[in-house]
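Asks: sequence unavailable; structure follows:
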């Protein structure tokens, strides 16, 4: 019973942080709420017995990707873009559609989460899961794994190139 209470409390915090991520007008605050969401998601993975995925979530998403995201926010001058996107009928419609989508996802998740806290019939050990994941990543999904690494490199180079063009802190004068 206490595990369920803790899990649902964590889920409420995750929903709150995710909501603040999309509603906060300051991009830096929004990025920090996204970091809190990623940390909470790692805690949920850990609570559900997926320690390896929780560690990867912390290292990759809450660490590296969010540092890159905050660096991008610092490179761009976002004041004009934020002012242009905060008013208008189009953005109001986007907000309503996003809220409807969020409600639909929440209802679907609540309906399909019956029995989610039940223990598995044949739980695998953590070493087995990590070994199987490593074998899959470096055999069956090797090209996809390498393509993802190249994609992340291209994104990082593209961010620096675009920030030099659009008038960020390192713009060519």
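Replies: That came through fine. Owing to the predicted nature of the structure, the values given are computational and were not obtained by experimental measurement. Residues are numbered from 1 along each chain as shown.
Asks: would you mind measuring from the closest residue to residue 50 other than its chain neighbours to residue 18?
Replies: Closest residue in space to residue 50, ignoring its immediate chain neighbours: residue 129 at 7.6 Å, by CB to CB, 6 or more residues apart in numbering. (Glycine included, C-beta is placed from N, CA and C.) Distance, residue 129 to residue 18, by CB to CB, to the nearest Å: 27 Å.
Asks: quick one, helices of the chain?
Replies: For the chain, the helices defined by DSSP state H occupy 2-23, 27-47, 51-56, 66-75, 79-85, 89-112, 126-138, 142-165.
Asks: for stretch 56-71, buried residues please.
Replies: Across stretch 56-71, burial judged by 16 or more other CB atoms under 10 Å covers 57, 58, 61, 62, 66, 69, 70.
Asks: check which residues of stretch 35-47 are buried.
Replies: 35, 36, 37, 38, 39, 40, 41, 42, 43, 44, 45, 46.
Asks: dump these into JSON lines; add distance to residue 12 as well.
Replies: Shown next, in JSON lines, are the buried residues of stretch 35-47 (distance: CB to CB, whole Å):
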{"residue": "35", "distance to residue 12": "18"}
{"residue": "36", "distance to residue 12": "13"}
{"residue": "37", "distance to residue 12": "12"}
{"residue": "38", "distance to residue 12": "16"}
{"residue": "39", "distance to residue 12": "15"}
{"residue": "40", "distance to residue 12": "10"}
{"residue": "41", "distance to residue 12": "13"}
{"residue": "42", "distance to residue 12": "17"}
{"residue": "43", "distance to residue 12": "13"}
{"residue": "44", "distance to residue 12": "11"}
{"residue": "45", "distance to residue 12": "17"}
{"residue": "46", "distance to residue 12": "17"}
